[in-house]
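A.B. asks: kindly generate the corresponding structure for this input.
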Amino acid sequence: MTDNRKSGLALIAGSVGGIVTMAIHPTSGGVLTPAQFERLATVSAVAHSLAIVSFVVMLLGAIGLSVRLASPDRLAFSAVIIFAVGAVAILIATSVSGFIVPNIMKQMIKDTPAAAPQWHIVISAIFQINQAFASIYTVAASFAIGLWSISALRSGGLLRGIAIYGCVIAPVVILAICSGRLRLDVHGMAVVVFSQAIWFIVAGTQLWHETRDTLSVA
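C.D. replies: As a prediction, the model looks like this:
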């Protein structure tokens, strides 16, 4: 199997993993019984573990994609560095959401009802950390997609349609985040994951169908 095919497969698999993560990501409101919370925490751990693996796989695919799109302007190289920063941020965000918050909530359930307000303050503060790192990933990944797309439009390497899509969706998502119009709760993150997955899956499919590796670094 060529490096291009491996990279394409990684991009597709990572994107599908992200979509599955959002599909099974638990959402719950109101008061839960201890048994219900344990089930919720288990599903959350599974979902976020899948997310962590998926983003690592996507980073591997992104490295291969950048090699495929390499050109003297170094836009593709810059894109993979930015995406790597975003990948670190999302790994932190998923760890906080999937493991740290549920463990804190377990301690809150065991504590006295009078201590609940203090626990809520702690959870709210940690949620803000999750939101900060999720925002860093969203902006970084979108910026990387924009750079890859510009590189493809200038030097080739990807279908023109998906390159144009990347040039459009990247600034739209970044502006939505920076303006505060897109909040990265479960639903907001699903919008980000699905919009980016379209780009990664199409790019990955193109790499998969290439029968030989191409390196165009000058």
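
A.B. asks: for the chain, which residues score under the pLDDT cut-off?
C.D. replies: The chain contains residues with pLDDT under 70 at 28-34, 211-218.

A.B. asks: correct me, but residue 68 touches residue 157?
C.D. replies: Yes. Using CB atoms under 8 Å, residue 68 makes contact with residue 157 at a distance of 5.7 Å. All C-beta spots, glycine's among them, are computed from the backbone N, C-alpha and C.

A.B. asks: touching, residue 97 and residue 48? I think so.
C.D. replies: Yes. Applying CB under 8 Å as the test, residue 97 and residue 48 come out as touching, 6.1 Å apart.

A.B. asks: list the contacts of residue 191.
C.D. replies: The contact partners of residue 191, by CB atoms under 8 Å, 6 or more residues apart in numbering, come to residue 182.

A.B. asks: what helix or strand is it on?
C.D. replies: Assessed by DSSP states H and E, residue 191 sits inside helix 186-209.

A.B. asks: quick one: buried residues of that helix?
C.D. replies: 188-190, 192-193, 195-197, 199-204, 206-208 (16 or more other CB atoms under 10 Å).

A.B. asks: longest helix of this protein?
C.D. replies: If you go by DSSP state H, the chain has its longest helix at helix 116-155.

A.B. asks: next, the buried residues of that helix.
C.D. replies: 130-131, 133-153, 155.

A.B. asks: relative to helix 186-209, how tilted is that helix?
C.D. replies: 30 degrees (axes from the mean of the first three to the mean of the last three CA atoms, to 10 degrees).

A.B. asks: what does stretch 174-190 contact?
C.D. replies: With CB under 8 Å, 6+ apart as the criterion, stretch 174-190 contacts 22, 25, 27, 131, 134-135, 138-139, 142-143, 173, 191-192.

A.B. asks: just the closest of those residues to residue 119, please.
C.D. replies: residue 131 (18.7 Å; CB to CB).

A.B. asks: from the centre of this protein, point out the most distant residue.
C.D. replies: residue 114 (37.7 Å; CA atoms, centre = their mean).

A.B. asks: that one and residue 108, how far apart?
C.D. replies: 12 Å (CB to CB, to the nearest Å).

A.B. asks: just residue 77 next, same as before
C.D. replies: Taken as CB to CB, the span from residue 77 to residue 108 is 46 Å.

A.B. asks: how much space separates residue 139 from residue 21?
C.D. replies: To residue 21, residue 139 is 20 Å away according to CB to CB.

A.B. asks: next up, phi/psi of residue 180, please.
C.D. replies: phi 80, psi 10 (degrees, to the nearest 10).

A.B. asks: neighbours around it, how many?
C.D. replies: 7 (other CB atoms under 10 Å).

A.B. asks: torsion angles phi and psi at the residue nearest to residue 131 when sequence neighbours are not counted?
C.D. replies: Nearest residue to residue 131 in three dimensions, chain neighbours excluded: residue 184, at 5.7 Å (CB to CB, 6 or more residues apart in numbering). When read as degrees, to the nearest 10, the backbone of residue 184 gives phi -90, psi 60.
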